[in-house]
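[1] The sequence and its predicted three-dimensional model are supplied below.
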Amino acid sequence: MSLLPPEVVTVCYIVAAVLFILALKGLSNPRTARRANLFGAAGAALAIVAYMLSVELRNLVWIIAAMAVGSVIAVIAARRVQMTQMPQLVAAFNGVGGGAAALVALVEISHSESPWTLGVVAFTVLIGGVSLTGSFVTFGKLQGTITTKAVTFPGLRVLMVLLVVAAVGLGVALVVTGDSLWAYLLLVVGLALGVLLVLPIGGADVPIVISLLNAFTGLAVAASGLVLSNVLLLIAGTLVGASGTILTMAMAKAMGRTVAGIVFGAFRAHVASTTSAAGSDRPVRTMEADDVAILLDYAQRVVIVPGYGLAVAGAHHAAAELAEILRDQGVDVVFGIHPVAGRMPGHMNVLLAEANVPYDALIEMDEVNPRFKTTDLVLVIGANDVVNPAAKTSPGSPIYGMPTLTVADAQQVVFFKRSLSPGFAGIENELFYDPKVSIVLGDAKQTLTKVLSSVKASA
């Protein structure tokens, strides 16, 4: 028996949908992101409560137990995950969402009779399966358990074509017969397609893949809303799918890619080989932390370019403090942010916001690139691919065509790196051998701390 009349449930769903929209809007700006997360959580909680009070629930104990277990896992993960691991967490959550949508669709087959509903079930199972395995392959690439290089093998293109044809055939068979066997086989095909779609994608394009798979999950959730005749699921899934698609398009444009070129990378004739800077015997110019402090004493305009290495070293607080001290001394200091700096869109923005860097000091690529020509010193902390000139000069490079931060236009450039190993894309950075470039080898946090001490001592 329903404890809430349908009118009240409808109002709750409308309020929840509005909260979801406000959450997405707020997430577009670091100033409102925290409040936006609260809006989204409140909308989800309201929707769950409204639904549970609107239907006669069976196995209530199991439902509450599952929610309790999920809540405990979520709290532990949220408290223990490092900021450097946030992209992996997002990929994992995204995959779980797609898998959940596929499972819901499988359960609903027995309640589905019309060809339309069965067709939606087939779509949900396929896309949910692709999102599940694709997201976890992405997780492996981000975590380093799977190579970040594009993985291909002879016959891959033929296999993918066969799987797509099989998916269409199994979907038709499910619609015609309503037999759940075809749905389970379709899920297996979807799982295989998810793996084969992501494996051939190189590390430089992984941030775009995260966004794309997020859009896939949204579509799967929206389709499950159709299967369950749940308007709120349809709205929420559509919002996620639409926002993920828009972000994917924006990220692809920012990296000089096409979404089709990324998704169907496996159909390329070949994948360019990569070289490692670690094996190069060419000399590089190195310096110590005290030398960097001397350069800063004479600099009037400084740009700090953060990358994943800064996040791994936990050097964002030291970088923020250095920028603050320099600003107090009258130096013009900003942070140059590449759209895919880190491992996912907005990764560096969130990291630096955590270190209380002013939002107006975070300058996006298109705005900061013209500044480099009048910049005295650029500090590149843990970044590599996003400043690699190979994106413009090496047609065979996996990052070729990707817009980069033109740090070479500055008077001097200093890299803070643990080693001369290649970046996430696995290629050598020719910029290391530029006469105006110096490299400080070592842990970024420890090195920046030494630079800070020297700058304070000379103030």
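    Here it is on my side, so go on. Residues are numbered from 1 along each chain as shown.
[2] Could you use CA atoms for every contact and neighbour count after this?
    Fine.
[3] Check the closest residue to Ala289 other than its chain neighbours and give its pLDDT.
    Spatial nearest neighbour of Ala289, excluding adjacent residues (Cα to Cα, 6 or more residues apart in numbering): Val451 at 5.1 Å. Predicted confidence (pLDDT) for Val451: 92.
[4] just checking, Val451 touches Leu296?
    No. Under the criterion of Cα atoms under 8 Å, Val451 makes no contact with Leu296, lying 9.3 Å away.
[5] between the two, which one's more packed in?
    Val451 (23 against 20; other Cα atoms under 10 Å).
[6] Report the backbone C-alpha coordinates of stretch 331-338 in CSV.
    Below are the C-alpha coordinates for stretch 331-338, written out as CSV (Å, rounded to 0.1, in the frame of the first residue of the first chain):
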residue,chain,number,x,y,z
VAL,A,331,55.2,39.3,-8.9
ASP,A,332,52.4,38.5,-11.3
VAL,A,333,51.7,34.8,-10.8
VAL,A,334,49.0,32.6,-12.4
PHE,A,335,48.4,28.9,-12.9
GLY,A,336,48.1,27.8,-16.5
ILE,A,337,45.6,25.0,-16.7
HIS,A,338,45.3,22.6,-19.7
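[7] any residues touching that stretch, and which ones?
    Contacts to stretch 331-338, defined as Cα atoms under 8 Å, 6 or more residues apart in numbering, come from residues 299-306, 323, 326-327, 348-349, 361-365, 368, 386, 404-405.
[8] Recalculate using a threshold of 6 Å.
    Residues from elsewhere that reach stretch 331-338 (Cα atoms under 6 Å, 6 or more residues apart in numbering): 300-305, 361-365, 368.
[9] Report the buried residues of that stretch.
    331-338 (16 or more other Cα atoms under 10 Å).
[10] Tell me, domain by domain, which residues of this protein belong where.
    81-267, 277-458 (automatic domain parsing).
[11] Out of those domains, which one sits most buried?
    The highest average neighbour count among the domains of the chain, using mean count of other Cα atoms under 10 Å, belongs to domain 81-267 at a mean of 21.
[12] Among the contacts of stretch 331-338, which lie within strands?
    301-305, 362-364 (DSSP state E).
[13] With distance to Ala289 and pLDDT as extra columns, can I get the contacts of stretch 331-338 in JSON lines?
    Output for these, formatted as JSON lines (distance: Cα to Cα, whole Å; pLDDT from 0 to 100):
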{"residue": "Gln300", "distance to Ala289": "19", "pLDDT": "94"}
{"residue": "Arg301", "distance to Ala289": "19", "pLDDT": "95"}
{"residue": "Val302", "distance to Ala289": "16", "pLDDT": "95"}
{"residue": "Val303", "distance to Ala289": "17", "pLDDT": "95"}
{"residue": "Ile304", "distance to Ala289": "15", "pLDDT": "95"}
{"residue": "Val305", "distance to Ala289": "17", "pLDDT": "94"}
{"residue": "Ala361", "distance to Ala289": "24", "pLDDT": "90"}
{"residue": "Leu362", "distance to Ala289": "24", "pLDDT": "90"}
{"residue": "Ile363", "distance to Ala289": "25", "pLDDT": "91"}
{"residue": "Glu364", "distance to Ala289": "27", "pLDDT": "89"}
{"residue": "Met365", "distance to Ala289": "27", "pLDDT": "89"}
{"residue": "Val368", "distance to Ala289": "25", "pLDDT": "94"}
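[14] Take these and write them to TSV, including distance to Ser54.
    Rendered in TSV, the data for these read as follows (distance: Cα to Cα, whole Å):
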residue	distance to Ser54
Gln300	64
Arg301	61
Val302	59
Val303	56
Ile304	54
Val305	52
Ala361	49
Leu362	47
Ile363	48
Glu364	47
Met365	49
Val368	53
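[15] Out of the buried residues of stretch 331-338, the closest to Ala315 would be?
    Phe335 (13.8 Å; Cα to Cα).
[16] Beyond the helix or strand harbouring that closest one, next helix or strand please.
    Per DSSP states H and E, Phe335 falls inside strand 332-337. The C-terminal neighbour of strand 332-337 among helices and strands, as given by DSSP H and E, is helix 347-354.
[17] Rounded mean pLDDT for that next one, please.
    Helix 347-354 comes out at a mean pLDDT of 81.
[18] That one packs against which elements?
    Contact partners of helix 347-354 among helices and strands, from 3 or more Cα pairs under 6 Å, 6 or more residues apart in numbering; DSSP states H and E: none.
[19] change it to 8 Å
    Packing contacts for helix 347-354, counted by 3 or more Cα pairs under 8 Å, 6 or more residues apart in numbering; DSSP states H and E, involve helix 316-328.
[20] Can you name the helix or strand that the closest residue to Leu196 other than its chain neighbours falls in?
    Excluding its sequence neighbours, the residue lying closest to Leu196 (Cα to Cα, 6+ apart) is Met160, at 7.3 Å. Assigned by DSSP H and E, Met160 belongs to helix 156-177.
[21] State the pLDDT value of Asp376.
    95.
[22] Which phi and psi values does it adopt?
    phi -80, psi -40 (degrees, to the nearest 10).
[23] Surely Gly190 and Val125 touch.
    Yes. Shown here, Gly190 and Val125 form a contact pair, counting by Cα under 8 Å, at 7.4 Å.
[24] Could you list every helix and strand in contact with the helix-or-strand element of the chain with minimal mean pLDDT?
    Least confident helix or strand of the chain, by mean pLDDT, DSSP states H and E, is helix 259-263 with a mean of 73. Counting by 3+ Cα pairs under 8 Å, 6+ apart, the packing neighbours recorded for helix 259-263 are helix 231-254.
[25] For this structure, just list every one of the strands.
    Going by DSSP E, the chain shows strands at 301-306, 332-337, 362-364, 377-381, 412-417, 437-441.
[26] And these: which comes nearest Gly99?
    strand 332-337 (33.5 Å).
[27] picking up where we left off before, let's have the strands of the chain in CSV, adding distance to Ile235.
    CSV is the format used below for the strands of the chain (distance: least, Cα to Cα, whole Å):
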stretch, distance to Ile235
strand 301-306, 37
strand 332-337, 33
strand 362-364, 32
strand 377-381, 41
strand 412-417, 45
strand 437-441, 50
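[28] closest one to Thr238 among those?
    strand 362-364 (28.6 Å).
[29] That'll do, ta.
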